[in-house]
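K.L.:
The sequence isn't on hand, but the structure is:
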């Protein structure tokens, strides 16, 4: 088992790059990113911060999957590891080992974090660097705890927190119309769906209380002076840069320190490389279909890939398919297999008619930005939920993996290709998404710099998080008021009865 | 009684200006403003909308207090009335007749509205004008109901709704840390304060359910096809432009269609008129105190005015006092009485050291914008609450009217003048307030135009408002789940007992 190997291994920490650039005119930002697809858009944010003169330090694993050690954007602090936990998690993931994997990932990071805190040299360097803030993706908690340890303002670049959807720990989230991620529900639920939502929320709470929090609690108790827990630390964050918006997400209560930056990575498409442009143009009036199932496409069984290829082969459109597995036997001449493609530039090309995607957040946001309707084949994680939001708006169609065959794929593809409502709805979403007072990237940069300028943003945090749950829900107040009302009624009743009795006695006495 | 006169009067409606300008390149906006101080900043918003090429039509009373019939900004529709209800309400207001006044104001407007709807000529003109949206201040509800009647998108320019604070009908508002206006509480409450807050909320609910809503219900039932109620109409609004922000207001949950435009009326100060500038400069290093108690200053008793003047007379500062009543006998040479002053330009003047104010929203927002610490003498309405928010941040001090005398005023004034923390705190608030991604006025204009571009913003409204309260709070779901759990436990218990009994019988039989 890979896991025993990792947990048994001695996680050795060294600082490989100590040449620390002195603070420049911009801010001095410590970044604790998440590896894998999360890094893709964190990097875009870092490029912008770097361009605006901020000094960036990125903490990365020596075994990093996506995060390079050397970059013109940042100075890196490399933590020596023997495996890459993110890569292993994602590639070993299945629905059956979900909780166990979650447990192991967080245990791993707790171990890493503990050793970071024990490394005096590392800590001295981090303290001496006098960072202005910590920027982290709270899908794992080390960055959040590190910010607390270093007593630094905290900005979250967030799609998910350690236990699901961040809003659930941040803002009031009535389960009657806010679907729990993974439930496959929308904001319009009938009674049974609301029961299902409640049950899903119980699972999330269980995961949070019994799987995630206990893992980090030991680190918090040992290394954070005043004690803390992960949920409180998240609630203490100065700014939440949420990688979504209300064109994509169902509307819900939010908080003053939440900034929606969904699609911040998008910008007008650049021209395609000449060969790709020729291929795209060769499609003529029929246009092009772009397909990718993300970086973990090898999960798609060969027979399914063959079926997909056979459907493509029948179409008059040209197809560009990011495919890493073996060449499907049924591949048509109209289909170009690539192992990488300029996805955003392709989606932004006027010839692109449909985007066939697994429904990762980045891809879905890009499809919205460029207004390309989606045929979605969700694999795992948030992908079904992402695609559901498009399907609900009539801008996409989902085919579940277990229903995927020649017939369903062909039917779905033709529907999205030729039923004009899909394109119209997606273009409406695109218009709404692009119509913002300020570009999402500029918002993100503004709020990072805001936190630097004002050394945090505590005035945007509510008092809600400081009170016990029964006070928060006013249960103590209601109990006292109800008791008071009851006592008053009983007293009045007693007095009334007493007076009645006296009256009766008086009448009796009088009669006698 | 003025009221009987008004209610008995025949409210005669005519359209005095029918020369309707055809739609221009900008939008075509129907404005239903609130008279009095609310008009002051609505007008500033209209100036900006007009400057951007929008065509504005303002509905006003023939007896209007502040809203002129002829204006280069807008075409007006004048409703003939015999009194000005807003002026009478404000000038007759006292805490003792609050509910009765509220009742009468809304009854009055319902009558006006009913007659508007009965006026076929008026309605035809409003329909034919093909407005893009209704912009209204929901302190009274006619604009909101009119938007529903005309089936137009609705943008609210809001400080208060018909029954208090708009957030309470819009977003989750836990009473444990969200003070009800009028309660004089902050977001940090002890147990007894939370009890008080709950009781105040009961009053607000009572006012809403039994005073305001029933007044408008008859109009809604008679004239709105599908029926409606005021609270639902408010919840259906496309955009809420809230005249506050989280530098001023305590942070709380909000909604995606809420835009905070607090201080949108502020801009860098213009030079003062020469004589005023000379007076201000003559104060030298001591600086200037600016005082105004709003338009209803005649509420201030003469002896109190004398006491205030006598305190001013002792100071080395110069004082500019907007005072409409009689000249105080104790007035010093350093005090300039004016019946109007360029308040914003004075507050923005570097010489201004303290702002003595009643705490109206406009004045408080301007004090924040220009960073001038405040000595507040709240008179009524939201003024104490407004000032409390400054006092909580150490940027102002409140003297209640019943505590106002020479000694308390002198002590308070000296404290705000010479304790540097007041100025520092106010300047910090000013820095925070001014540090926004986009100027509040630009935000307001953006969202008005957004609603015009997209014919509303329904995608920003939650599903919350469509469900009954027990579903919203998931009480039905909880009841079913608890019942299910109870049934399961009882069944298991029964089976267990049955098995035990059988076991005992079996043992007994065996023993025999």
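P.N.:
Perfect, thanks for sending it. Small disclaimer: the values here were computed from a predicted structure and weren't measured.
K.L.:
where along chain A do the strands fall?
P.N.:
Here chain A has its strands, by DSSP state E, at A:28-32, A:55-61, A:75-79, A:133-136, A:154-158, A:239-242, A:258-260, A:288-292, A:318-322, A:335-338, A:352-357, A:374-376, A:396-398.
K.L.:
who wins for proximity to residue A:474 among those?
P.N.:
Closest to residue A:474 of those, according to C-beta to C-beta: strand A:258-260, at 24.0 Å. For every residue, glycine as well, the C-beta is placed using N, CA and C.
K.L.:
just to revisit the earlier point, just put the strands of chain A in a markdown table and tack on mean pLDDT and distance to residue B:100.
P.N.:
Output for the strands of chain A, formatted as a markdown table (pLDDT from 0 to 100; distance: least, C-beta to C-beta, whole Å):
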| stretch | mean pLDDT | distance to residue B:100 |
| --- | --- | --- |
| strand A:28-32 | 97 | 59 |
| strand A:55-61 | 95 | 63 |
| strand A:75-79 | 93 | 69 |
| strand A:133-136 | 98 | 54 |
| strand A:154-158 | 97 | 51 |
| strand A:239-242 | 97 | 46 |
| strand A:258-260 | 97 | 42 |
| strand A:288-292 | 96 | 67 |
| strand A:318-322 | 95 | 71 |
| strand A:335-338 | 94 | 76 |
| strand A:352-357 | 97 | 63 |
| strand A:374-376 | 97 | 59 |
| strand A:396-398 | 97 | 56 |
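K.L.:
Of these, which is nearest residue B:84?
P.N.:
That would be strand A:258-260 among the strands of chain A, by C-beta to C-beta, at 42.5 Å.
K.L.:
Neighbouring strands - and their directions - for that closest one?
P.N.:
strand A:239-242 (parallel) (DSSP bridges).
K.L.:
Contacts for the strand it pairs with, please.
P.N.:
With contact meaning C-beta atoms under 8 Å, 6 or more residues apart in numbering or on different chains, strand A:239-242 is reached by A:155-159, A:166, A:170, A:255, A:257-262, A:443-444, A:447-448, A:450-451, A:457, A:460.
K.L.:
Now residue A:140: closest residue in space, sequence neighbours ignored.
P.N.:
Spatial nearest neighbour of residue A:140, excluding adjacent residues (C-beta to C-beta, 6 or more residues apart in numbering or on different chains): residue A:109 at 5.1 Å.
K.L.:
Model confidence for the one you found, exactly?
P.N.:
pLDDT recorded at residue A:109 is 88.
K.L.:
who in the stretch 51-200 of chain A is up against chain B?
P.N.:
A:171-172, A:174-177, A:187-188, A:191, A:194-195, A:198-199 (C-beta under 8 Å from any C-beta of the partner chain).
K.L.:
Let's see that with 10 Å instead.
P.N.:
A:170-178, A:186-189, A:191-199 (C-beta under 10 Å from any C-beta of the partner chain).
K.L.:
what sits against the residue of chain A found nearest chain B?
P.N.:
For chain A and chain B, the shortest gap (C-beta to the nearest C-beta) falls at residue A:172, measuring 3.5 Å. Residues in contact with residue A:172 (C-beta atoms under 10 Å, 6 or more residues apart in numbering or on different chains) are A:178, A:252-255, A:464, A:472, B:171-174, B:252-253.
K.L.:
Once you drop chain neighbours, what's closest to it?
P.N.:
In space, residue A:172 is closest to residue B:172, 3.5 Å off (C-beta to C-beta, 6+ apart).
K.L.:
ok, now residue A:336?
P.N.:
Of all residues not flanking residue A:336 in the chain, residue A:320 sits nearest, at 5.1 Å (C-beta to C-beta, 6+ apart).
K.L.:
Columns pLDDT and distance to residue B:137 on top of the contacts of residue A:172, output as CSV?
P.N.:
Formatted as CSV, the contacts of residue A:172 follow (pLDDT from 0 to 100; distance: C-beta to C-beta, whole Å):
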residue, pLDDT, distance to residue B:137
A:178, 97, 31
A:252, 97, 27
A:253, 97, 24
A:254, 97, 24
A:255, 97, 26
A:464, 91, 30
A:472, 95, 33
B:171, 96, 19
B:172, 96, 24
B:173, 96, 21
B:174, 96, 27
B:252, 97, 21
B:253, 97, 23
